[in-house]
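1. next input, structure requested:
(2 chains)
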Amino acid sequence: MSTMTLSMDKAGAALSAPAGVGGEGSPRSVAAGRNPAGRDEEHPPVAPLRLGPRARAALLTVIASLTGLAGLVAIWWAVAHQVDNFPGPITTWQAAMALFAEPFYDNGPNDKGIGWNLLYSLQRVGLGFGLAALIGIPAGFAIGRFEFMRGATDPVISLLRPVSPLAWLPIGLLVFRDADLAAIWVIFICSIWPMIINTAAGVRAVPQDYMNVARVLALSEWKVITKILFPAVLPHILTGVRLAVGTAWLVIVAAEMLTGGIGIGFWVWDEWNNLSVEHILIAIIVIGIVGLLLEVSLLWIARRFSHGQSA
Amino acid sequence: MNSNQPLVKVQGVGMSFATGNGLFVALDGVDLDIHKGQFVTLIGHSGCGKSTLLNLIAGLSLPTSGICLCNGREIPGPGPERAVVFQNHSLLPWMTCFENVYLAVERVFAGSESRAKLKERTREALEMVHMGHACDKYPGEISGGMKQRVGIARAFAMEPQILLMDEPFGALDALTRASLQDELMGVMDKTGATVVMVTHDVDEAVLLSDRVVMLTNGPAATIGEILEVQLARPRDRLQLAHDAAYAEYRAAIMEFLYSKQLRKAA
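-> Purely as a prediction, here's the structure:
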């Protein structure tokens, strides 16, 4: 019996089968008469590569991601090889090292480090998006709650939503007579729609059961909003916020290219005028990373407030 | 108030809904008196309008003809004096069990009682259904039977004049259902509450009820028969299993549901 178990273990190790798969319930381990988990503890050095199904899946994901990124770098390298003045990954990496050695230098209004430019852009996004949230979320509540409001705003939203936010830039310049405010205005316009629409949809999707509880308790409108509607709608609001921030981050780069000043969009344009293409490539990667971080952190917040509801 | 006056009076009530294919008449000519302290069940085949009738008493919907009275006054809409236990418990998932019950207690008693007293009421209600240990748990963290217990605690904590239960144990397994039925009977004996409960479970109806109201099949359902269950309380399900009267009551309902109404439906 014991020799049989041993040989079984070796076979398992050679195949590096996950403990859960060749383990419980399979005739093999019944014949061996041992707990597969116990077996693992007894012979850890024999099977150093043995992984649970979860760890395996995680490892596979990591390998897949790395393969994809490597593919991107390969394409980049190939393109750089073909096109004149197109910096390859290594040149760009060296430029990035130099750039990030001093991200916050300040040589006057038109020559600031990339860190300053990023912060200015984030500030514009924050302001424009914040104002849009302040107006868009309550508006979404009203539209979701009152049929008349919905009827009144539906045509307006349907008409204005498909308009590129940059089309609003001249209006912003005209009204505010300030490039910085005009950029914030563009961010405001592009981030308000997803918040209105998702909040309103969330309010309409509140389960009738919750509203019946409110009706039976005869709760005041204030209690209905704070204790039932707001928590029930919060996951939808956060979806709207996530979409809005994503769009805002897309639009700010284009807006700043047009308005100038300090900001990552202007920085990209400025580097194009300087013909330092490697800086443009760095900016693309940095913009991508910042966008990804915004998305991930908002997803994390959304998961915290979803209470098992689907968001 | 005249002690003979029923707590709830349903008079000539009809209910129809507008559908794609015209008007659907769910209830027609329903008359029912519910007296204080009674446990009344509404039983019938699914779709016969038992929940519709319960919603009318709750005030969640208003009848298209006839009138529903509570304490001699027309029921204008839902209110905490007619508490509802919903089939799917309807606890708010972002509040703990305690907060869910407290929301109801606060609504009813906040005007007249201190905060400490409100909290005490909430705890008492949860302990009454043996859920004192789960005060700080969220609904997502407890079983279906426990959720329904908290739902019942929430309704009782409001000290309603009448408790309306819409198939409260319908979604539970047989064993959990039995223990909740026993618990409900215990609470009833303690509080003397008036209850209207929708069910499609014949044993549940006989075990719990003073009166079993049997509804005919829809459309245009109405009350077919009313059975007065005169079994002594407290009732014990094991003893009743061998009780001749119990068997007779049970047979009477079965006869109505499966002989008279099934033929009509077919």
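2. what residues does the stretch 1-150 of chain B put near chain A?
-> B:58, B:60, B:77-80, B:82-84, B:86, B:88, B:90, B:92-95, B:103-104, B:107, B:138, B:140 (C-beta under 8 Å from any C-beta of the partner chain). Bear in mind the C-beta positions are built from the backbone N, C-alpha and C, glycine included.
3. check which helix or strand residue 213 maps to.
-> Since no chain was named, I'll use chain A. A:V213 belongs to helix A:208-217 when assigned by DSSP states H and E.
4. meant chain B actually
-> strand B:211-215.
5. given that strand, what are its sheet partners and their directions?
-> strand B:39-43 (parallel), strand B:223-228 (antiparallel) (DSSP bridges).
6. re earlier: distance from the helix holding A:V213 to the middle of the chain?
-> 35 Å (C-alpha atoms, centre = their mean, to the nearest Å).
7. what does the strand holding B:V213 contact?
-> With C-beta atoms under 8 Å, 6 or more residues apart in numbering or on different chains as the contact definition, strand B:211-215 has outside contacts at B:32, B:38-44, B:48-50, B:53, B:205-206, B:221-229, B:249, B:253, B:256-257.
8. helices along the stretch 101-250 of chain A, start to end?
-> Shown for the stretch 101-250 of chain A, the helices assigned by DSSP state H, counting those that start in this stretch span residues A:114-145, A:147-160, A:169-176, A:179-204, A:208-217, A:221-223, A:230-259.
9. which parts of stretch B:13-21 are buried?
-> B:V13, B:G14, B:M15, B:S16 (16 or more other C-beta atoms under 10 Å in any protein chain shown).
10. want to throw these into a markdown table with pLDDT, secondary structure and distance to A:F230?
-> Formatted as a markdown table, the buried residues of stretch B:13-21 follow (pLDDT from 0 to 100; DSSP: H, G, I helix; E, B strand; the rest coil; distance: C-beta to C-beta, whole Å):
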| residue | pLDDT | secondary structure | distance to A:F230 |
| --- | --- | --- | --- |
| B:V13 | 93 | strand | 37 |
| B:G14 | 93 | strand | 38 |
| B:M15 | 93 | strand | 33 |
| B:S16 | 92 | strand | 36 |
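11. I'd like to know which of these is nearest to chain A.
-> Comparing the buried residues of stretch B:13-21 against chain A with C-beta to the nearest C-beta places B:M15 closest, at 17.0 Å.
12. not counting sequence-adjacent ones, nearest residue to A:L219?
-> B:R107 (6.3 Å; C-beta to C-beta, 6 or more residues apart in numbering or on different chains).
13. which SSE is B:I253 in?
-> helix B:244-254.
14. go on, B:C68?
-> Applying DSSP H and E, one finds B:C68 within strand B:65-70.
15. contacting residues around that strand?
-> B:7-15, B:29-30, B:56-57, B:59, B:74-75, B:81-82, B:161-162.
16. so which of those residues belong to helices?
-> B:L56, B:I57 (DSSP state H).
17. could you flag which of the contacts of strand B:65-70 are buried?
-> B:7-10, B:13-15, B:30, B:56-57, B:59, B:75, B:81-82, B:161-162.
18. circling back to that earlier point, mind checking which of the residues of the stretch 1-150 of chain B next to chain A are buried?
-> By 16+ other C-beta under 10 Å, those give B:58, B:60, B:78-80, B:82-84, B:86, B:88, B:90, B:92-95, B:103-104, B:107, B:138 as buried.
19. okay, helices next: where are they in the stretch 51-200 of chain B?
-> According to DSSP H, counting those that start in this stretch, the helices that the stretch 51-200 of chain B contains are B:97-109, B:115-128, B:144-157, B:174-191.
20. residues contacting whatever residue of the stretch 151-266 of chain B ends up closest to chain A?
-> Proximity of the stretch 151-266 of chain B to chain A (C-beta to the nearest C-beta) peaks at B:M158, 7.8 Å away. The contact partners of B:M158, by C-beta under 8 Å, 6+ apart, come to A:L217, B:P80, B:E81, B:A83, B:A104, B:V105, B:R107, B:V108.
21. picking that back up, using CSV, lay out the strands paired with strand B:211-215 together with mean pLDDT.
-> Output for these, formatted as CSV (pLDDT from 0 to 100):
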stretch, mean pLDDT
strand B:39-43, 95
strand B:223-228, 93
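22. which stretches of the chain have low pLDDT?
-> You didn't pick a chain, so chain A it is. A:1-49, A:307-311 (pLDDT under 70).
23. oops, chain B please
-> B:1-3, B:262-266.
24. picking up where we left off before, what's the most buried one of the strands paired with strand B:211-215?
-> The highest average neighbour count among these, using mean count of other C-beta atoms under 10 Å in any protein chain shown, belongs to strand B:39-43 at a mean of 25.
25. what's the angle from that strand to helix B:174-191?
-> Here strand B:39-43 points in a direction 150 degrees away from that of helix B:174-191 (axes from the mean of the first three to the mean of the last three C-alpha atoms, to 10 degrees).
26. for B:V25, give me phi and psi.
-> phi -90, psi 110 (degrees, to the nearest 10).
27. measure it to B:S16 for me?
-> 5 Å (C-beta to C-beta, to the nearest Å).
28. neighbours of B:T96, how many?
-> B:T96: 18 surrounding residues under other C-beta atoms under 10 Å in any protein chain shown.
29. in this structure it contacts B:G140, no?
-> No. Using C-beta atoms under 8 Å, B:T96 is not in contact with B:G140; the gap is 10.6 Å.
30. so what's the residue nearest to A:L219 up against?
-> A:L217, A:A218, A:L219, A:K223, B:P80, B:M158.
31. B:S90 too?
-> B:S90 touches A:D209, A:Y210, A:N212, A:V213, B:G151, counting by C-beta under 8 Å, 6+ apart.
32. hmm, the third one is touching B:V84, no?
-> Yes. Under the criterion of C-beta under 8 Å, A:N212 makes contact with B:V84 at 7.2 Å.
33. identify the contacts common to those two.
-> Counting by C-beta under 8 Å, 6+ apart, the common neighbours of A:N212 and B:V84 are B:L60, B:P78.
34. up against chain B, what does chain A have?
-> A:209-210, A:212-213, A:215-219, A:223, A:227-228, A:231-232, A:307-309.
35. which among those end up buried?
-> Buried members of the residues of chain A next to chain B, counted by 16+ other C-beta under 10 Å: A:210, A:212-213, A:215-219, A:223, A:227-228, A:231-232, A:307, A:309.
36. circling back: which of the buried residues of stretch B:13-21 sit farthest apart?
-> Pairwise distances across those peak at 11.1 Å for B:V13 and B:S16 (criterion: C-beta to C-beta).
37. ok, for B:V13, nearest residue in space, not its chain neighbours?
-> B:G66 (3.6 Å).
38. how about the nearest residue to A:V203, chain neighbours excluded?
-> Nearest to A:V203 is A:G144, by C-beta to C-beta, 6+ apart, at 2.6 Å.
39. what about B:M146, neighbour count?
-> Around B:M146 there are 22 residues (other C-beta under 10 Å).
40. doesn't B:A134 make contact with it?
-> Yes. Between B:M146 and B:A134 a contact is recorded at 6.4 Å, counting by C-beta under 8 Å.
41. where does A:L59 fall, phi/psi-wise?
-> phi -60, psi -40.
42. brain fart, B:N71
-> Dihedral angles (degrees, to the nearest 10) for B:N71: phi 60, psi 40.
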